[in-house]
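**Q** Provided below are the primary sequence and the corresponding predicted coordinates.
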Amino acid sequence: MGRMSAVFKADGAETQSGYSISEWWLEPNTRGPGTHAHSDEHVFYVIEGTVSVEVAGRWTQAPRGAYVVIPGGTPHDFENRGTGRAGFISINVPGGFENMMPRLLQHFAENPVGDVAP
């Protein structure tokens, strides 16, 4: 997805639709997908850098080792405002989030992520 990438470590088929786990990476100074919501619950666990996370209109800085809980249906976004690469693990409950990836790939091919606004 350009300056943002994701790799699924476990998907709904492997977990009987119980959950999915993916690893997300953002290059420095990279916007995320934009504010959006979906029905599944999220837990983001930051594994490198600092990820800026918006939950219900409030932005927080999540450094390495932090986690952020995003209830299902809650508007959220994420971005990397730093000068180094940032990564996080996303746990989605229930599984099935991976089924949205073809549509997301198409969206980001047509609308590449850019720099974080100053």
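**A** Ah, there it is. Residues are numbered from 1 along each chain as shown.
**Q** Every contact and neighbour count from this point should use C-alpha atoms.
**A** Will do.
**Q** just the helices in the chain please.
**A** Using DSSP state H, the helices found in the chain span residues 101-110.
**Q** ok, now which residue in it is the farthest from the centroid?
**A** The C-alpha centroid of the chain is most remote from Gln16, which lies 22.1 Å away (C-alpha atoms, centre = their mean).
**Q** excluding its backbone neighbours, what's nearest it?
**A** Spatial nearest neighbour of Gln16, chain neighbours left out: Gly95 (7.8 Å); criterion: C-alpha to C-alpha, 6 or more residues apart in numbering.
**Q** The one you found and Glu14 touch, don't they?
**A** No: applying C-alpha atoms under 8 Å as the test, Gly95 and Glu14 come out as separate, 9.2 Å apart.
**Q** Give me the below-cutoff pLDDT ranges for this protein.
**A** Counting by pLDDT under 70, the chain contains low-confidence ranges at 118.
**Q** Verify the stated contact: His36 with Gly72.
**A** No: at 11.1 Å, His36 does not count as touching Gly72 under the criterion of C-alpha under 8 Å.
**Q** Looking at those two, which is more packed in?
**A** A count of neighbours by other C-alpha atoms under 10 Å puts Gly72 above the other of His36 and Gly72, at 15 against 12.
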